[in-house]
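A.B. asks: Compute the structure for the input listed below.
(2 chains)
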Amino acid sequence: MQVSMARFAVSKNRPLITSGVGSCLVIVLYDPKAKIGGLAHTMLPDEKYEGQDGIPKKIDAATLIGSAKTVGHAIDSVLDAIEDLGGNRSRCIAKVAGGAHMFSLFDAPKSGIGQQNIEAVRKKFEKIKIPIVAEDTGGTIGRVVEFDVQSGVMNVTTKI
Amino acid sequence: MSQSLLSNLERDALKECVNIGAGHAATALSGLTQEQVSILVPKLELVAVEEVPAVVGKLDDIMSAVVMKMGGDVSGTILLMFPTQSALLLSSLLLKTGQPKEAMGEDENSALREAGNILSGHALNALSQFLGFRLLQSVPEASSDMVGAMMNEILVHFLREKHENVLVLSVNFQISGHEITGSLFFLFDPVSTKVILDSLRKKLSVDLG
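C.D. replies: Just a heads-up that it's a prediction; the model follows:
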């Protein structure tokens, strides 16, 4: 099942696929005992944006429903959905891929949005005590990520 | 797509503007390559940030892109996109190397960046005059990868804005003798989109008296 940018999906059997992963961070959460997993294609490290008057604001929680735009919110949504399907978040493990840096025009590699996403995900998982057991992040190339719920394997490929 | 946000008059005006800009760009490309360049129908889209990648191309397609930031009175991003085969053919034309290479190397990317600079500079001049806004472009960067992946970084910055819609002006062009096709996109960030549309509306209503 295809997961688009800024969206997430959970599954008990169908594999979850997303592509065009550049600076975005793909987060996979998996309950290996129940064999229920979710994949989120996130874009932003946090909910901040600049209001019209230049004053920083937060993205309205209501507009985030159903979306995986931000790392923190996406993780919470996926975990809730896994439990709705009968899984248990205390058993979950995480795998992440993405956070590449392609254009210096927009960001420097060490502080760019890709790197910010990676740091945000590490902080969040440390806080909720879920281990990141596999990671393919950074670099300058776009990725395609496929997650097989039956085996728990996350397959990351590049097309270049 | 937000049909109701743009009247037919506004759409036509913007398309005409792109036409003129593209015409200038085609002349410039013609001069660079010493070949005939034809422009196809200009396009205009007003879509939410997340929908922009699909407007630019098929998300999984590998394309060679030249990217420039647009700034001045309004801001956004300029994209010149080629299927990689066209990028290889075009760069070999520009570098006068006879046979195109198998993959984009430093020289090829350099030639592409330069072409992007020139093409977009000409088109931007026309846009600037029509819109009545000062428009400048940054140095270009080149990359070849999946369309969706390249669009991530470009769009993330648009996401950090209050408004939602992005104005996309684009035109396809062709160097027929050599089967080179490409597209030029002007993406205005949400705040700039609102500024441009408001200004356009005022201008058109003044003209209509």
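
A.B. asks: Smallest distance to chain A belongs to which residue of chain B?
C.D. replies: The minimum distance from chain B to chain A, using C-beta to the nearest C-beta, falls at residue B:148 (1.7 Å). Using the backbone N, CA and C atoms, a C-beta is placed for each residue, glycine as well.

A.B. asks: Against residue B:19, how distant is that residue?
C.D. replies: From residue B:148 over to residue B:19 the distance is 29 Å, taken as C-beta to C-beta, to the nearest Å.

A.B. asks: Compare neighbour counts for those two and give me the winner.
C.D. replies: Applying other C-beta atoms under 10 Å in any protein chain shown to residue B:148 and residue B:19 shows that residue B:148 carries more neighbours, namely 26 against 14.

A.B. asks: Would you agree the more buried one is in contact with residue A:6?
C.D. replies: No. With contact taken as C-beta atoms under 8 Å, residue B:148 and residue A:6 are classed as non-touching, separated by 11.6 Å.

A.B. asks: before we move on, what SS does residue B:82 have?
C.D. replies: Of the three states, residue B:82 takes strand according to DSSP: H, G, I helix; E, B strand; the rest coil.

A.B. asks: Quick check on residue A:37: phi, psi?
C.D. replies: phi -140, psi 170 (degrees, to the nearest 10).

A.B. asks: Same question for residue B:153.
C.D. replies: When read as degrees, to the nearest 10, the backbone of residue B:153 gives phi -60, psi -40.

A.B. asks: Quick check: the residue of chain B closest to chain A vs residue B:205, distance?
C.D. replies: Remark: distance between residue B:148 and residue B:205 (C-beta to C-beta) = 39 Å.

A.B. asks: now residue A:134
C.D. replies: From residue A:134 across to residue B:205, the span is 58 Å (C-beta to C-beta).

A.B. asks: With neighbour numbers in mind, choose between these two.
C.D. replies: In this view residue A:134 and residue B:205 are compared by other C-beta under 10 Å, and residue A:134 has more residues nearby, 15 against 10.

A.B. asks: so when I look at that one, I'm seeing a helix, right?
C.D. replies: No. Following the definition three-state DSSP, residue A:134 is strand and is not counted among the residues of a helix.

A.B. asks: Enumerate every residue touching it.
C.D. replies: Contacts for residue A:134 were tallied using C-beta atoms under 8 Å, 6 or more residues apart in numbering or on different chains; they are A:95, A:96, A:154.

A.B. asks: Next to chain A, which bits of chain B? Give me the list.
C.D. replies: B:50, B:53, B:59-60, B:62, B:67-69, B:138-139, B:141, B:143-157, B:159-162, B:191 (C-beta under 8 Å from any C-beta of the partner chain).

A.B. asks: I'd like to know the beta-bridge partner residues of residue B:181.
C.D. replies: Counting by DSSP bridges, residue B:181 is bridged to residue B:174.

A.B. asks: whoops, residue B:38 was the one
C.D. replies: For residue B:38, the residues forming beta bridges with it (DSSP bridges) are residue B:174.

A.B. asks: any idea which helix or strand carries the residue of chain A found nearest chain B?
C.D. replies: Minimum separation of chain A from chain B (C-beta to the nearest C-beta) falls at residue A:20, amounting to 1.7 Å. Counting by DSSP states H and E, the element that carries residue A:20 is strand A:16-21.

A.B. asks: The helix or strand following that strand - contacts with which helices or strands?
C.D. replies: Scanning forward in sequence from strand A:16-21, with DSSP H and E defining helices and strands, the next element found is strand A:25-31. For strand A:25-31, the helices and strands in contact under the criterion 3 or more C-beta pairs under 8 Å, 6 or more residues apart in numbering or on different chains; DSSP states H and E are strand A:36-42, helix A:71-84, strand A:93-98, helix A:113-128, strand A:143-148.

A.B. asks: which of the ones you listed is buried the deepest?
C.D. replies: Sort the helices and strands packed on strand A:25-31 by mean neighbour count, taking mean count of other C-beta atoms under 10 Å in any protein chain shown, and strand A:36-42 sits at the top with a mean of 28.

A.B. asks: contacting residues around residue A:98?
C.D. replies: Counting by C-beta under 8 Å, 6+ apart, residue A:98 has contacts A:21, A:22, A:23, A:24, A:25, A:26, A:114, A:117, A:137, A:143, A:145.

A.B. asks: Could you tell me which ranges of chain B sit under the pLDDT cut-off?
C.D. replies: For chain B, the stretches flagged by pLDDT under 70 are B:1-5, B:162, B:207-209.

A.B. asks: What ranges does it have for its helices?
C.D. replies: Secondary structure of chain B (DSSP state H): helices located at B:8-33, B:52-56, B:84-95, B:106-131, B:147-159, B:190-207.

A.B. asks: which of those sits most buried?
C.D. replies: Most buried of the helices of chain B, by mean neighbour count (mean count of other C-beta under 10 Å): helix B:147-159, with a mean of 25.

A.B. asks: got the angle between that helix and helix B:190-207?
C.D. replies: Between helix B:147-159 and helix B:190-207, the angle comes out at 70 degrees (axes from the mean of the first three to the mean of the last three C-alpha atoms, to 10 degrees).
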